[in-house]
Structure formats: C-alpha cells, structure tokens
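Student: Structure of the sequence below:
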Amino acid sequence: MVNFADMGYAPSARLQRVKALYSGSLIDKGVGHILRALDELGLTENTLVVFTSDLGEMLGGHGLWQKNCPFDTSARVPMLARLPGRFAAGAVNGNLVSLLDLMPTMLELAGVDYPGQPDLAGDSLLGAEGGGLAQKREDQVVEIGHGAGRWFSLRGHRWQYNYWMADGWEELYDLENDPQELSNLLLEDPNARDRQCADTMKAKLTAREAAHGFENSLDENGALKNFGHLPTNHTETRTNNQFPRWVPRLPNDERVVMESRGETMLNATRKS
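Tutor: Predicted structure coming up:
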C-alpha cells in the first residue's frame with residue numbers, strides 16, 4: 001500500500017485535532033446558505049440540489065491519510081439529492097451509485113438526449129419512483145489514479161475486489177464479516193471460493209475497462225495490465241501538505257473549540 005501522506009511524526013493529540021477539524025460543520029453551514037437562498041428566490045420547487053464529494057479522507061484508517069485508496073473511508077462519498085416531486089423526502093435508497101450517474105440524471109431532467117458514442121457509463125437516478133436506479137446494481141466500479149498509479153476496484157454489497165495496476169496486487173474483502181476491510185482474503189493461499197469470487201469480479205472489471213476505460217490499461221491478451229513498476233511520481237517520504245495548517249475559513253465558533261491557546265496566540269501574532 002502506498003501512503004501518500006506520512007504523518008507518523010505527529011503527536012496523537014494533534015492527529016485527534018485534525019480529525020476534529022474534518023468533522024467541523026463549515027460545509028453544513030455553507031449548504032444551509034444555498035438552500036435558504038433558493039427559498040428566498042422561489043426556486044426550491046424546481047431546482048435539483050445534489051450534495052456529494054469527489055473523495056473521502058482516510059484520517060488514519062489503515063495507517064493512511066488523505067485519499068487515493070479504494071477503501072470505503074476514501075471512496076464511499078455522500079450522495080444526497082433533493083428535487084420536490086422527483087426524489088422522495090427523507091427516503092434512503094440502498095442502490096450502489098457513483099458520480100457517473102449524475103450526467104444521465106441531469107440530461108433526463110433537462111429533456112436532452114445523449115448525442116452519441118461512447119455509451120455513458122452511468123444511469124439516471126430518476127429511473128425508479130421516488131428516486132433511484134431503474135434496475136438494482138449488483139456492484140459498482142471504483143477507480144482512482146491513472147497508469148501504474150491506478151487502483152481499479154469492484155464494490156459489491158458483500159464483496160470488494162481491488163487491483164493495483166503498478167504490480168498486479170490483488171485484494172478481496174468480505175464486507176459482511178469484515179466491514180472495515182482489514183482482512184485481505186487473497187493474502188495467503190486463498191480457498192477455492194475466494195479465488196473464484198476474485199476471478200469473477202476481475203473479469204467484470206476487465207469487461208468494463210474494455211468498454212469505458214483507458215487505452216493502455218489492458219495488455220496484449222486483453223487482461224488488466226500489470227505495469228511492473230511503481231508510479232513515476234511515487235516517493236516514500238511525501239508529507240501531508242495540509243498539515244499542520246488549519247482550514248483558513250473555519251468558523252470562529254468552531255475555531256475557539258479546536259484551537260489550543262498557543263495556536264490562538266500564534267495566529268493572532270501572525271495577523272498583526
């Protein structure tokens with residue numbers, strides 16, 4: 001596993017502070033401003049609002065920080081939508097979806113047909129009454145990076161298969177019995193069931209890559225490529241460039257709670 005953000009030198013109290021900052025309500029307050037503005041402008045009833053993210057944050061999980069990992073902590077992001085009359089208020093849908101589903105959704109709302117090839121990799125989230133896919137999706141592709149530095153994964157309701165294209169490293173997790181993805185079932189002499197499960201999921205990934213993926217990601221035999229080397233920008237000692245600074249626009253009421261007295265004094269001195 002490549003750790004792109006070494007924070008091993010940081011004291012535990014500092015790491016806890018970083019996690020607290022991540023849980024701050026800056027984004028929550030910002031969303032509130034947007035929703036209130038829609039109400040004031042009379043646009044609430046015919047405006048689609050989507051709350052999502054491009055990535056999560058490892059926050060020390062698996063000994064890692066930042067992103068670039070196929071684990072749920074990094075790859076599983078929010079997907080909340082509001083459009084009166086189309087999405088049922090307060091409903092929770094168990095569909096496996098991705099950001100690729102947003103474009104077909106918005107094209108449908110706009111009444112615009114997709115103009116051509118290649119076929120879209122996603123589906124409209126308005127396919128079911130109250131919101132959701134027209135057909136339940138058994139698994140969802142997750143991909144991070146490019147070239148040798150690419151994770152290519154298939155996330156199902158129970159199983160997750162990960163493939164690291166730098167050297168062909170494979171992982172299989174039983175999410176029902178191992179929801180934190182800690183026990184790689186392919187690490188040591190996997191049993192026949194686990195090996196077959198991994199091979200089936202890898203075949204699905206390969207087919208998906210042939211239809212929608214990058215040109216250089218399959219080898220001459222049509223299999224997922226093993227580049228045989230680490231990505232060219234990989235180093236062993238990269239540090240988190242967000243550390244130890246704070247979020248510059250953290251609301252004052254939250255800054256008071258999260259900053260130590262020393263940090264408050266330093267910030268005040270820096271501004272003077």
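Student: CA only for contacts and neighbour counts going forward, please
Tutor: Will do.
Student: Could you list the low-pLDDT ranges of the stretch 1-150 of the chain?
Tutor: Low-confidence segments of the stretch 1-150 of the chain, defined by pLDDT under 70: 1-15, 18-25, 58-65.
Student: and with 80 instead?
Tutor: Where the stretch 1-150 of the chain drops to pLDDT under 80, the residues are 1-27, 54-68, 74-75, 116-118, 145-146, 148.
Student: Return the set of residues that bridge with Val50.
Tutor: Partner residues in beta bridges with Val50: Ala81, with DSSP bridges as the criterion.
Student: show me the contacts for it.
Tutor: Contacts for Val50 were tallied using CA atoms under 8 Å, 6 or more residues apart in numbering; they are Met79, Leu80, Ala81, Arg82.
Student: what's around the closest residue to the first one other than its chain neighbours, how many residues?
Tutor: Yep, that's Met79 we're talking about. If the residues on either side of it in the chain are set aside, Met79 comes closest to Thr52, at 4.8 Å by CA to CA, 6 or more residues apart in numbering. Using other CA atoms under 10 Å, the number of residues around Thr52 comes to 13.
Student: Thr52 contacts Val77, doesn't it?
Tutor: Yes. Contact criterion CA atoms under 8 Å: Thr52 and Val77 qualify, at 6.4 Å.
Student: where along the stretch 151-272 of the chain do the strands fall?
Tutor: For the stretch 151-272 of the chain, strands defined by DSSP state E, counting those that start in this stretch occupy the ranges 151-156, 159-164, 169-174.
Student: Now render these as TSV, adding mean pLDDT.
Tutor: Formatted as TSV, the strands of the stretch 151-272 of the chain follow (pLDDT from 0 to 100):
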stretch	mean pLDDT
strand 151-156	91
strand 159-164	94
strand 169-174	94
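Student: Of those, which is nearest Gly90?
Tutor: Between Gly90 and the strands of the stretch 151-272 of the chain, the shortest separation by CA to CA is 24.3 Å, and it involves strand 151-156.
Student: Tell me the secondary structure at Val141.
Tutor: Look at Val141: counting by DSSP: H, G, I helix; E, B strand; the rest coil, its state is strand.
Student: So it sits against Lys204, correct?
Tutor: No. With contacts defined as CA under 8 Å, Val141 does not count as touching Lys204, sitting 9.2 Å away.
Student: neighbour count winner among the two?
Tutor: A direct count of neighbours by other CA under 10 Å for Val141 and Lys204 places Val141 higher, at 20 against 15.
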